Every structure is written in structure tokens, then in C-alpha cells.
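S.K.: kindly return the folded structure for what I paste below:
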Amino acid sequence: MIRSSAPTRIDLAGGTLDLWPLHLFFDNPPTLNAAIDLYATVELSARRDKTIVVESRDLGRKARFRSLAALPERHPLALLIKLIRFYRPNTGLHLVTDCQAPAGSGIGGSSALMIALNGALNRFTNRRYTREQMIEISRNIETQVIDVPAGTQDYYSAMYGGVQSIQPGMVKTEPQHLPMDLKDLNRRFVLCYTGQPHHSGINNWSVYKKTIDGNAKTLKSLSRIAEVARRMEKQLAQGRLTRFEHWFNEEWKARKALAPGISTASMDRMILAAKKKGALAAKVCGAGGGGCVAFFVPPNKREDITQILQDCGGNVLKFRFVSRGLRVNGP
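M.R.: Next up is the predicted model:
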């Protein structure tokens with residue numbers, strides 16, 4: 001039995017600009033995020049025949065195929081099936097996946113699952129791909145499944161963990177660990193699921209097209225997001241949260257201007273209620289349109305803010321920031 005797991009993440013600043021080639025238009029700004037302990041997990045075992053069994057516990061789906069050649073092009077479990085086809089195992093297998101992140105929550109659940117699955121299949125087939133190669137494989141296959149370009153930030157967080165600055169370059173993307181006190185961050189963040197799942201690729205694709213077309217409003221918003229990411233990175237690179245709430249709020253303002261439909265009415269109500277209770281800043285995770293909202297709060301107001309979000313109908317998720325990334329155990 002091979003077991004693997006990878007963390008999801010809270011994005012802090014710079015999202016959408018991790019899509020190639022958008023970052024090139026803004027002089028390659030960083031994307032900042034932090035890994036959390038809501039994990040995507042994989043259990044993989046060999047079978048004595050050619051049968052391939054694929055099971056997703058969190059989605060409540062299970063499928064059985066007589067061989068690798070019988071895997072379909074389209075299927076509700078397409079992410080898993082396409083990756084199995086890519087690795088081309090020599091034997092049948094039984095694959096079981098699970099993800100602690102709610103579906104469509106905007107915290108990178110599908111990307112964490114791709115990294116965990118790559119880790120397990122890479123070990124199972126002895127392909128010996130590097131971590132960077134597995135990130136590229138994940139992005140390319142997820143792009144095939146969602147039918148729009150996929151960014152890279154979620155894969156880096158799942159692969160390496162911790163608080164990161166993902167810096168695109170002219171030669172390659174360079175992830176940089178940011179020396180933050182994770183215990184302190186745990187006291188300062190609340191993560192609330194609104195119960196309204198979203199498809200992040202939809203919002204990103206709209207922005208992508210407008211950027212390529214030279215839409216002035218879109219370019220202005222993305223330029224502001226790039227500036228905020230650079231300002232925030234300077235502070236986090238020193239292990240400091242100086243003016244973090246300002247830049248976290250500014251990122252959200254720029255993101256709402258980028259795509260007005262990114263926020264729902266229930267999100268707006270929760271953010272307003274939390275700020276009245278003392279929350280310093282709030283930002284929708286991922287590309288918005290539902291899912292999770294991350295709140296930056298004073299430690300002594302954390303319980304009050306949690307309660308008001310629950311009163312507003314939100315599901316406050318228990319989580320901790322983690323320094324670990326992908327782990328693979330087994331033969």
C-alpha cells in the first residue's frame with residue numbers, strides 16, 4: 001500500500017498572475033500563499049489482474065475498468081483517470097482518494113489532490129519524476145480537464161508547504177520559503193466556508209481573455225494586484241506582518257474590481273459582520289464566486305468573529321498552517 005498526502009492553501013496575494021503568460025505582462029510579480037492542514041490523500045495498492053478501480057470518498061463516486069485501455073476520455077473522475085493513463089502502470093490497481101477541503105472552496109483542493117496522486121503514482125510506477133516535473137504534469141493534466149489554462153501556485157503550496165513566494169522567471173519558476181511564525185499565523189486567521197462552491201477556472205478564464213485583449217480596466221486591476229503582492233512579499237520575507245491587513249484588504253479590493261461577480265451577497269454580509277466584530281481584513285480564497293473567505297483578525301477577537309460568522313450561516317473550518325508539503329509512504 002502506498003499512501004500520500006498534500007496540503008491545501010490559503011492564497012494571500014498575486015493569484016491569477018500565476019497563469020502563463022499573464023505574469024510576463026507585469027514584470028513577473030510573485031504569488032504568495034500558505035499551506036494548511038486540510039489535506040488531499042491517496043491510497044494506492046496493486047491488483048493481481050489488469051482491473052483499475054478508482055474511488056473518491058469525498059465525492060462519493062467509484063468506478064471500475066477492466067484495463068488501462070478501457071479508461072474513458074470523459075468521466076466525473078477525469079482528473080484521476082487522466083493521470084493514471086499518463087503514468088501507464090503495468091498492473092491493475094485500486095486507488096482511493098479523499099480531500100478534506102470542501103468542493104469548490106477555493107483553497108486548492110483539486111491541485112493538492114493532483115500532487116498527492118502524482119506522488120503515489122510516481123512511486124508506484126517507479127517513473128522517478130522530479131518534484132518540479134510533477135508540478136508541470138499536474139498543471140498540464142488539470143488544464144485538459146477544466147478546459148482553460150491552470151495556474152501554478154496551488155501545486156507549489158501542495159508540493160513544498162509552508163508560506164511561499166512563488167516567483168515566475170524568464171527561465172523557470174522559483175518558489176521561496178518565507179520565514180513566518182506559523183503558530184502566530186494560526187492565532188490571526190479564521191477560514192469560513194460559505195457553502196457556495198465555485199469553479200475557479202471560469203473567473204480566471206474571463207480575466208485571461210480580457211488581459212490578452214488589452215482591456216484597460218482589467219490591466220489596471222492586475223497591475224494593482226501585482227503591486228500589492230510585491231509590497232506584501234517584502235514584509236513577509238522579513239518574517240513580519242507589518243501592514244499586512246492593509247495589503248490583504250487592498251488585494252481584495254483590486255480583485256473585486258477585476259471581476260465584479262467574484263463576491264456573493266452572503267460573502268459580503270459575512271465580511272461586513274466580521275469587520276464590525278473587529279476583523280482587520282478579509283479576502284475570498286481563489287478566484288472567488290463562492291467557496292471560502294479568509295479573515296485576518298486580532299487574536300483576542302478570534303472567538304467573537306468565529307461566532308458571528310457561524311451566526312451568519314458560515315461554516316468555520318478548523319485548520320492550522322503547516323510547513324510540510326507532499327508526503328509519500330510505502331514501498
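
S.K.: hey, C-alpha coordinates of the helix or strand of the chain with the lowest mean pLDDT in CSV?
M.R.: The weakest-scoring helix or strand in the chain, judged by mean pLDDT, DSSP states H and E, is helix 200-212 (a mean of 76). Extracted as CSV, the C-alpha positions of helix 200-212 are listed here (Å, rounded to 0.1, in the frame of the first residue of the first chain):
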residue,chain,number,x,y,z
SER,A,200,-12.2,29.0,-10.2
GLY,A,201,-11.3,28.4,-13.9
ILE,A,202,-14.3,30.3,-15.0
ASN,A,203,-13.4,33.6,-13.4
ASN,A,204,-9.7,33.2,-14.3
TRP,A,205,-10.5,32.5,-18.0
SER,A,206,-12.6,35.6,-18.3
VAL,A,207,-9.8,37.7,-16.8
TYR,A,208,-7.3,35.9,-19.0
LYS,A,209,-9.1,36.7,-22.2
LYS,A,210,-9.6,40.4,-21.2
THR,A,211,-5.9,40.7,-20.4
ILE,A,212,-4.9,39.3,-23.8
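
S.K.: just checking, what packs against whichever helix or strand comes after it?
M.R.: Using DSSP states H and E, the helix or strand that directly follows helix 200-212 along the chain is helix 216-236. Contacting helix 216-236 under the criterion 3 or more Cβ pairs under 8 Å, 6 or more residues apart in numbering; DSSP states H and E are the following elements: strand 2-13, strand 31-46, strand 163-167, helix 200-212, helix 244-258. For the C-beta atoms, the positions are set from N, CA and C on the backbone; glycine is no exception.

S.K.: of all the residues in helix 216-236, which ones are buried?
M.R.: Applying a neighbour-count criterion of 16 or more other Cβ atoms under 10 Å, the buried positions in helix 216-236 are 218-219, 221-230, 232-233, 235-236.

S.K.: could you tell me the angle between that helix and strand 31-46?
M.R.: The directions of helix 216-236 and strand 31-46 differ by 80 degrees, with axes from the mean of the first three to the mean of the last three Cα atoms, to 10 degrees as the criterion.

S.K.: quick one: distance of helix 216-236 to the chain centre.
M.R.: For helix 216-236, the gap between its own C-alpha mean and the chain's C-alpha mean amounts to 19 Å (Cα atoms, centre = their mean, to the nearest Å).

S.K.: and the residue nearest in space to the middle of the chain, how far from residue 67?
M.R.: Closest residue to the average C-alpha location of the chain: residue 108 at 2.2 Å, with Cα atoms, centre = their mean. Using Cβ to Cβ, to the nearest Å, one obtains 32 Å as the distance from residue 108 to residue 67.

S.K.: so what's the residue nearest to the centre of the chain up against?
M.R.: If a contact means Cβ atoms under 8 Å, 6 or more residues apart in numbering, then residue 108 has 8-9, 11, 101, 153-154, 157-158, 286 as its contacts.

S.K.: what about the nearest residue to it once chain neighbours are set aside, how many neighbours?
M.R.: Spatial nearest neighbour of residue 108, excluding adjacent residues (Cβ to Cβ, 6 or more residues apart in numbering): residue 154 at 3.6 Å. Around residue 154 there are 32 other residues, counting by other Cβ atoms under 10 Å.

S.K.: residue 103 and residue 26, how far apart?
M.R.: Distance check for residue 103 against residue 26: by Cβ to Cβ, it reads 31 Å.

S.K.: who's more crowded, the two?
M.R.: In this comparison of residue 103 against residue 26, neighbours counted by other Cβ under 10 Å, the higher total goes to residue 26 at 18 against 12.

S.K.: how about low-confidence regions in the stretch 1-150 of the chain?
M.R.: Residues of the stretch 1-150 of the chain meeting the criterion pLDDT under 70: none.
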